[in-house]
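In: Sequence unavailable; structure follows:
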């Protein structure tokens, strides 16, 4: 995770193979091109489920509250966007939009593989006490996914607006790199070999069953090993999952960045759910 000021703009460079396909060579996705929007022919419900699942890649809780639409999918509009050709593979993209608090319009672009079982939010714009903007840079075989907070105001110590900024500050507070591996989007690390053990975010209190003792743990955690720039071997993670609406413990094995075998999900101590993967593909889910 990085914190820095953004002072430069990157120019987008891409070539169009047809009206329906975009060959992504060296492209920054920072806006929506309305000429590339059309009606979908895919399974809308499956796309919406993938949209929510894709936020797992952030680890952090999304900047927008989905309570108004999480159980009201009819309020979510899904449109087909242009297909991306990246690193020799074709990926679908979809425009996701809906109204949320104060009738603000949420819009994002979901990048998905052709079988619709893996995705990444590559563009997102949220207006909520400031502006949040997610952009994605496609460069060679890497996707650089950045989330910015754009400040429009200064605040006093009590959190009240003290003045409007003449020029908006753009602060990068979340950045991750991704690699295409076996038609799946996996997290990529600049270091080829490294052991990871880090915690971040706020802390939450955990009580014992009798309520007499407690401890504090970080909301987010990573513990495992990087080999050849991707996750390999046994990993322990703590991420925010939309289906639980909280941070959840996860543990399992990665092979070349892809989940493989059994993955355990533990929101409150004991394992609540087990997902079984075969080189990134979800085979089955069961509840012990």
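Out: Structure received. Fair warning: this is a prediction, and the values are worked out from it, not measured in the lab. Numbers count the residues shown, from 1 in each chain.
In: Endpoint to endpoint, stretch 204-221 covers what distance?
Out: 13 Å (Cα to Cα, to the nearest Å).
In: What of stretch 75-85?
Out: Using Cα to Cα, one end of stretch 75-85 lies 30 Å from the other.
In: May I have the residues that are in contact with residue 125?
Out: By Cβ atoms under 8 Å, 6 or more residues apart in numbering, residue 125 lies in contact with 106-108, 131-134. For glycine as for every other residue, the C-beta is placed from the backbone atoms N, C-alpha and C.
In: just the strands in the stretch 1-150 of the chain please.
Out: For the stretch 1-150 of the chain, the strands defined by DSSP state E, counting those that start in this stretch cover 4-5, 13-16, 21-29, 77-80, 83-86, 89-99, 105-112, 119-127, 131-139, 142-155.
In: do you know which of those strands lies nearest residue 243?
Out: Distance to residue 243, taken as Cβ to Cβ, is lowest for strand 119-127 among the strands of the stretch 1-150 of the chain, at 15.2 Å.
In: Mind pulling the model confidence for residue 93?
Out: Note for residue 93: predicted pLDDT of 96.
In: what bridges to it?
Out: Assessed by DSSP bridges, residue 93 has beta-bridge partners residue 111.
In: I'd say it and residue 111 touch.
Out: Yes - the pair residue 93 / residue 111 is scored as a contact, 5.4 Å apart, by Cβ atoms under 8 Å.
In: Identify the residue nearest residue 281 in space, chain neighbours excluded?
Out: Nearest non-adjacent residue to residue 281, counting by Cβ to Cβ, 6 or more residues apart in numbering: residue 117, 6.7 Å away.
In: Hmm, I typed the wrong one, I wanted residue 224.
Out: That would be residue 235: by Cβ to Cβ, 6+ apart, it lies 3.5 Å from residue 224.
In: Quick one: low-confidence residue ranges for the chain.
Out: Where the chain drops to pLDDT under 70, the residues are 1-19, 128-130, 152-169, 207-214.
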